[in-house]
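*Asks:* Got a predicted model here, sequence first, then my questions.
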Amino acid sequence: MKMEIQPMNKIKLLFLAITTMFLFGCGRSGPSSPSLKREQLMQVVFPGWAASGDKQKQWVEWKETHSDQPKSEKPTFKKYEFFVLPEFVIRLKEDSAILITHSESPETMKAREEGGFLTPEEIAIGAYWFKKVGENWYLDKRLDEAISIRGDLVDVIRISKQGYALVVGSFYKAMGYDIEYINFLEVYDGGLRFMMDDPIYSHADNLYKSSDCDKLFSLQPGQSILEKASPKSHDVCFEDEGKWKIAAEGDQPGDLIVKVNGKHEVSVDLGAETVDDEVDKGNDVDHTFRRSWKPVSGKIVYQYQGGKYIFHSSTNPEISLSH
């Protein structure tokens, strides 16, 4: 039985065909990039942006936070003219990608270039999602301040079959300590989030706290030296290095495994060599210390639970990833 299409139905079908052609044939309008090159994507997000000079400065929205602001209250945003620099482009799927940037004030950038920080200043990390329509990439979602960090973005890594994270490097260089920290920012649909409540170190030492540390670690394991020092000012030397990796073969982020190797001082207080009346007076007197060092090593494992890496186990109670 042959079915005839009524005139009204013909009009509906024609309208549907035209609409479909408009949506899928003509594609999206607006600024786009023919590739996933960082500079081209930046010009889609920030028209007029250039890779050098004052054109790096763009207007971005940062969240205004106050210590007494209730958590239930909606955040307010304020625009700033900051330097905006591209960091990474991550191809999430065949038709989606994300551009990662960092923004900082002219004052912060100047101080950074002059090496004026003992600890890193706060910078904002921007996240911009792109969708591929036809042959071009269009901005789909933007967060000028997806999250703020103290440090630098040093790498992008895979943490599962489909998941990615940004590696955040930070440091502390003061009072004789030289410590380098890392944390991870997971990339998810809603933005970026820290994967650890507290950063862990990738390197830590206090070699500059005392000139004796270099002298001590120049000895062979098992050798020792005798030195006099005040118990109040005697510093125990250490130098640790942490090498980490994340198993990324599964559907969920794999274990974070950190192998630690280092040198730890072994110090024995042999007591003071002073007359009793000096001790009775409460004077600060020197003690003799027998100093040596031993190699330490071990493995620390963190497991991914509820969007965070949680401490799971350690093969050596003498090692720690925080100082």
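*Replies:* It's in.

*Asks:* So, low pLDDT: which residues of the stretch 151-300 of the chain?
*Replies:* Within the stretch 151-300 of the chain, the segments meeting pLDDT under 70 span 211, 273-284.

*Asks:* now the strands: where do they sit in it?
*Replies:* Assigned by DSSP state E, counting those that start in this stretch, the stretch 151-300 of the chain shows strands spanning 152-158, 164-174, 177-188, 191-194, 200-205, 225-229, 238-246, 256-272, 287-305.

*Asks:* And the ones you listed: which comes nearest Arg91?
*Replies:* strand 164-174 (9.5 Å; Cβ to Cβ). To be clear about C-beta, it is placed using only N, CA and C from the backbone, and glycine gets the same treatment.

*Asks:* distance between that closest one and the chain's centre?
*Replies:* Averaged C-alpha coordinates place strand 164-174 at 5 Å from its chain's average position (Cα atoms, centre = their mean, to the nearest Å).

*Asks:* could you check the angle strand 177-188 makes with it?
*Replies:* Angle of strand 164-174 versus strand 177-188, following axes from the mean of the first three to the mean of the last three Cα atoms, to 10 degrees, is 160 degrees.

*Asks:* quick revisit: closest one to Glu87 among the strands of the stretch 151-300 of the chain?
*Replies:* Across these (criterion: Cβ to Cβ), the nearest stretch is strand 152-158, sitting at 4.9 Å.

*Asks:* Which residues belonging to stretch 183-200 are considered buried?
*Replies:* 183-187, 191-192, 194-196, 199-200 (16 or more other Cβ atoms under 10 Å).

*Asks:* Identify the residues contacting it?
*Replies:* For stretch 183-200, contacts defined as Cβ atoms under 8 Å, 6 or more residues apart in numbering pick out 90, 92, 98, 125, 127, 143, 146-147, 149, 151, 157, 159, 163-168, 170, 181-182, 242, 244, 253, 256, 258, 302, 304, 307-309, 321-322.

*Asks:* are any of those buried, and which?
*Replies:* Buried among these by 16+ other Cβ under 10 Å: 90, 98, 125, 127, 143, 146-147, 149, 151, 159, 163-168, 170, 181-182, 242, 244, 253, 256, 258, 302, 304, 308-309, 321.

*Asks:* now the strands of the stretch 151-300 of the chain in CSV, with distance to Leu85?
*Replies:* CSV is the format used below for the strands of the stretch 151-300 of the chain (distance: least, Cβ to Cβ, whole Å):
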stretch, distance to Leu85
strand 152-158, 10
strand 164-174, 14
strand 177-188, 17
strand 191-194, 16
strand 200-205, 23
strand 225-229, 48
strand 238-246, 26
strand 256-272, 28
strand 287-305, 30
